[in-house]
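Trainee: show me how the following folds:
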Amino acid sequence: MRQDAKDDFHAWLAGQILLFGLLGAALALFLSKPSLPTHWELPELRLAIQTTVALACGLIALLAGVRYAVEGRRRDLSLSTGFFVASLSTLAFSVVPVLGGDPIHRSEGWAGVVGILLAWALIAGAPFAHGRAKSGRRALGNAMMAAAVVLLLVWMAFQSLGDALPTLNPSDTSEIPPLLLGALAAQALLTLLAVVGYGLRVYDRRDDLDRWLGLGSTLMLFASLNYLFAPFVGSNSVSQSDFLRVLAFGVLLVGAWRAIRFAEFGRAVAEERARVAREIHDGLAQYLFAVATHATMLENAPPESQRASIDLLKEAATAAQQEARFAILALSSASGTAPFDAALRRYVDFLTADGTLEVDIEIDNAVPLAPDEQIEVFRIVQEGLANVRKHANASRAEVLIAERDGERVVSIRDDGEGFDGEARAAGQGLKNMRARADSIEGGFSLKSSPGWGTALEVVLRA
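Mentor: Numbers count the residues shown, from 1 in each chain. Model prediction:
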């Protein structure tokens, strides 16, 4: 491990140790001072907290599922399924039953306990899951469907047992059933396993999501310990454990959001690099081949025809240099280091540097573009202007990003030769632009006729 990576891990570990110390001291204080209040009879707040936890778990499941759709890793599959189970069990067994003012029945309470154990078994097992799922996105839907069926079967089994189940709300804390204590201890062990697992991943991989999962699991560990050691809390009360849970899921939600943004950005960069690689193959490589060909011709040409070969060689070398600049610009723009409008104007400056094409660009800064829209709109404009330069034989083009009749519009127009769309099949460039518009739920239209130029337009989603 490099020194900077070691320092990074040590900083994270120091934060974990400090968090352990603070939470451990707080737990010891409540255990050593029985007179301190540990819970409050606030049924409305309890319902609000449980609803918040269910929504947070659902959002984390969604974000982890999107990351799984992007990268296909089993770890994200386990994470998404685990938080889905936590969300579904909390909603079905802790929120819905009390909406009418009724208490939680034993079957629902025990089904909720088993659901949380199943959820944390999946979450704690995620750092130890390696590789990619072969069945792709279908695996996520199948896993969630199976988890929902398992929860339903557990609830039906507990329904059949009825009053034979131990109570979850004893009047005396000394009467807490051993089965419940065992379940709470198992949850604490699972959260401890999660802390260790994500800590090991931070040490090995230094992934940003693992840092947040480790912090969230630490908070959940002490929430579980509070449930285990502090006086038992009924379904109408809240305790410090509940506030720790809300804080833990808030931390996990932030980590999942950061991770999915990084995953989407990484996919965008990979796709842009693949596109540039294709353009290098189709453009720059061909020009370099022409340079080599003309150099060979120059070597073997008689003196009287060398002038023509030199001119052809210079032309091919200039074109190759321009193609290389375009490729470098596309890669740097895909890195996201420049604002959208600045990157687009810089691309136009490069494109028009040789004076063969004049491009007027107008961007209304009041028109908002989402991050995914910025990436795809940049690509569409880039592809459209590249087509104008290579195929349209145009002297002037216009790029407009503005609002029209309440709709956000991106348009590219040129004064080139145009073509008959019915007689001529769409090229790969047009297919790429149409696909990119579809990927951001935009409408794509193209108008062209011989001698009258071409106008393409993308209407962005509402």
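
Trainee: and the next helix or strand past the helix or strand harbouring residue 70?
Mentor: According to DSSP states H and E, residue 70 maps onto helix 43-71. Next helix or strand after helix 43-71 toward the C-terminus (DSSP H and E): helix 74-90.

Trainee: other SSEs contacting that following helix?
Mentor: helix 43-71, helix 106-125, helix 137-161 (3 or more Cβ pairs under 8 Å, 6 or more residues apart in numbering; DSSP states H and E). All C-beta spots, glycine's among them, are computed from the backbone N, C-alpha and C.

Trainee: by mean pLDDT, show me the worst of these.
Mentor: If you rank the helices and strands packed on helix 74-90 by mean pLDDT, helix 43-71 sits at the bottom with a mean of 83.

Trainee: who are the packing partners of that one?
Mentor: Contact here means 3+ Cβ pairs under 8 Å, 6+ apart; on that basis helix 43-71 packs against helix 74-90, helix 137-161, strand 237-239, helix 240-279.

Trainee: listing partners with orientation, what would you give for the third one?
Mentor: Just to be clear, that refers to strand 237-239. In the sheet, strand 237-239 lines up against strand 39-41 (antiparallel) (DSSP bridges).

Trainee: hang on, the earlier thing: may I see the helices and strands packed on helix 74-90 organised as a markdown table, with distance to residue 297 added?
Mentor: Converted to a markdown table, the helices and strands packed on helix 74-90 look like this (distance: least, Cβ to Cβ, whole Å):
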| stretch | distance to residue 297 |
| --- | --- |
| helix 43-71 | 49 |
| helix 106-125 | 65 |
| helix 137-161 | 53 |
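
Trainee: which of the ones you listed sits closest to residue 462?
Mentor: helix 43-71 (21.4 Å; Cβ to Cβ).

Trainee: what's the angle from the closest one to helix 137-161?
Mentor: Relative orientation of helix 43-71 versus helix 137-161 (axes from the mean of the first three to the mean of the last three Cα atoms, to 10 degrees): 150 degrees.

Trainee: which of the residues in helix 43-71 are buried?
Mentor: Residues of helix 43-71 classed as buried: 46-47, 49-50, 52-70 (neighbour count, 16 or more other Cβ atoms under 10 Å).

Trainee: in the stretch 101-250 of the chain, what spans have low per-residue confidence?
Mentor: 135-137, 169-175, 230-235 (pLDDT under 70).

Trainee: looks to me like residue 456 is in a helix.
Mentor: No - using DSSP: H, G, I helix; E, B strand; the rest coil, the assignment for residue 456 is strand, not a helix.

Trainee: could you find the closest non-adjacent residue to it?
Mentor: residue 446 (4.7 Å; Cβ to Cβ, 6 or more residues apart in numbering).

Trainee: contacting residues for the one you found?
Mentor: By Cβ atoms under 8 Å, 6 or more residues apart in numbering, residue 446 lies in contact with 421, 430, 454, 455, 456, 457.

Trainee: the helix or strand hosting residue 402 pairs with which strands?
Mentor: Following DSSP H and E, one finds residue 402 within strand 396-404. Partners of strand 396-404 in the sheet, by DSSP bridges, are strand 358-363 (parallel), strand 407-414 (antiparallel).

Trainee: of all those strands, which one is nearest residue 248?
Mentor: strand 407-414 (38.9 Å).

Trainee: would TSV of the strands paired with strand 396-404 with mean neighbour count and mean pLDDT be doable?
Mentor: Listed next are the strands paired with strand 396-404 as TSV, based on neighbours: other Cβ atoms under 10 Å; pLDDT from 0 to 100:
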stretch	mean neighbour count	mean pLDDT
strand 358-363	15	91
strand 407-414	21	93
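
Trainee: export the ones you listed as TSV, with columns for distance to residue 240.
Mentor: Output for these, formatted as TSV (distance: least, Cβ to Cβ, whole Å):
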stretch	distance to residue 240
strand 358-363	52
strand 407-414	48
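
Trainee: about what we covered before: can you check which of the helices and strands packed on helix 74-90 gets nearest to residue 440?
Mentor: Of all the helices and strands packed on helix 74-90, it is helix 43-71 that lies closest to residue 440, at 15.2 Å by Cβ to Cβ.

Trainee: now that closest one against helix 74-90, angle please.
Mentor: Using the same axes, to 10 degrees, helix 43-71 lies at 160 degrees relative to helix 74-90.

Trainee: which residue sits closest to residue 81, ignoring its sequence neighbours?
Mentor: residue 143 (4.4 Å).

Trainee: no, scratch that, I was asking about residue 394
Mentor: residue 416 (3.2 Å).

Trainee: please apply the same query to residue 64.
Mentor: Distances taken as Cβ to Cβ, 6+ apart put residue 80 closest to residue 64, at 3.9 Å, once the chain neighbours are dropped.

Trainee: ok, now residue 151?
Mentor: Using Cβ to Cβ, 6+ apart, the nearest residue to residue 151 is residue 115, at 5.5 Å.

Trainee: the one you found - how many residues pack around it?
Mentor: Residue 115 has 25 neighbouring residues, counting by other Cβ atoms under 10 Å.

Trainee: looks like it contacts residue 158 (just checking).
Mentor: No - counting by Cβ atoms under 8 Å, residue 115 does not reach residue 158; the two are 10.9 Å apart.

Trainee: hang on, the earlier thing: so the residue nearest to residue 456 sits in a strand?
Mentor: Yes - Residue 446 sits within a strand when classified using three-state DSSP.

Trainee: looking at residue 444 now. What's its pLDDT?
Mentor: 91.

Trainee: now for it: which residues touch it?
Mentor: So residue 444 contacts 433, 434, 437, 438, 456, 457, 458 (Cβ under 8 Å, 6+ apart).

Trainee: mind checking which of these are buried?
Mentor: Of the contacts of residue 444, these count as buried by 16+ other Cβ under 10 Å: 433, 434, 437, 456, 457, 458.

Trainee: hey, what's the fourth one bridged with?
Mentor: Assessed by DSSP bridges, residue 456 has beta-bridge partners residue 412, residue 446.

Trainee: next up, the contacts around it.
Mentor: Taking Cβ under 8 Å, 6+ apart, one finds 384, 411, 412, 413, 430, 433, 444, 445, 446, 447 in contact with residue 456.

Trainee: mind putting those into CSV with distance to residue 367?
Mentor: Shown next, in CSV, are the contacts of residue 456 (distance: Cβ to Cβ, whole Å):
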residue, distance to residue 367
384, 18
411, 12
412, 16
413, 18
430, 24
433, 19
444, 18
445, 18
446, 22
447, 22
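
Trainee: which two among the contacts of residue 446 are spaced furthest apart?
Mentor: 421 and 457, at 14.0 Å, using Cβ to Cβ across those.

Trainee: picking that back up, who wins for proximity to residue 185 among the strands paired with strand 396-404?
Mentor: Here strand 407-414 is closest among the strands paired with strand 396-404 (Cβ to Cβ), at 55.4 Å.

Trainee: could I get the CA-only coordinates of the closest one as PDB?
Mentor: Only the C-alpha atoms of strand 407-414 are listed here, as PDB (Å, rounded to 0.1, in the frame of the first residue of the first chain):
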ATOM      1  CA  GLU A 407     -39.600  23.400 -23.400                       C
ATOM      2  CA  ARG A 408     -35.800  23.000 -23.200                       C
ATOM      3  CA  VAL A 409     -34.400  22.700 -26.700                       C
ATOM      4  CA  VAL A 410     -31.000  21.800 -28.200                       C
ATOM      5  CA  SER A 411     -30.700  22.500 -31.900                       C
ATOM      6  CA  ILE A 412     -27.900  22.300 -34.500                       C
ATOM      7  CA  ARG A 413     -28.300  23.900 -38.000                       C
ATOM      8  CA  ASP A 414     -26.000  24.100 -40.900                       C
END
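
Trainee: that'll do, ta.
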